[in-house]
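Novice: Coordinates for the following, if possible.
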Amino acid sequence: MGDGKQREPKQSRGEQIQAAEQEAAKQRILAQAEAERIPAEETTRAVPERRRRREG
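Specialist: Here you go, the predicted structure:
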């Protein structure tokens with residue numbers, strides 16, 4: 001009888017669609033963030049600011 005609770009029969013069709021759309025949007029945002037992410041190895045290779053200041 002716990003099966004009915006898992007399916008949430010009270011949830012309307014519109015709410016199910018909205019939840020699915022929200023989940024899809026979340027996945028798109030996470031995928032985009034992962035694509036734009038800079039690996040830590042690349043950030044540690046940056047030239048220290050003090051070295052650039054001496055040149056100027």
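
Novice: Lowest mean pLDDT among the helices and strands, pick that one out for this structure.
Specialist: Comparing helices and strands within the chain by mean pLDDT, DSSP states H and E singles out helix 2-7 as the least confident, with a mean of 52.

Novice: quick one, phi/psi of residue 39?
Specialist: Dihedral pair for residue 39: phi -60, psi 150, per degrees, to the nearest 10.

Novice: Neighbours of it, how many?
Specialist: 7 (other C-beta atoms under 10 Å). Bear in mind the C-beta positions are built from the backbone N, C-alpha and C, glycine included.

Novice: C-terminal to the least confident helix or strand of the chain, what's the next element?
Specialist: helix 13-36 (DSSP states H and E).

Novice: What helices and strands are in contact with that following helix?
Specialist: The helices and strands touching helix 13-36, judged by 3 or more C-beta pairs under 8 Å, 6 or more residues apart in numbering; DSSP states H and E, number zero.

Novice: next SSE after it?
Specialist: Helix 13-36 is succeeded, C-terminally, by helix 40-43 (DSSP H and E).

Novice: Which neighbouring elements make contact with that following helix?
Specialist: With 3+ C-beta pairs under 8 Å, 6+ apart as the test, helix 40-43 has no helix or strand packed against it.

Novice: Let's see it as CSV, backbone CA atoms only.
Specialist: The C-alpha coordinates for helix 40-43 follow below in CSV (Å, rounded to 0.1, in the frame of the first residue of the first chain):
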residue,chain,number,x,y,z
ALA,A,40,41.7,23.6,-10.9
GLU,A,41,45.0,22.7,-12.6
GLU,A,42,44.5,25.5,-15.1
THR,A,43,43.7,28.1,-12.4
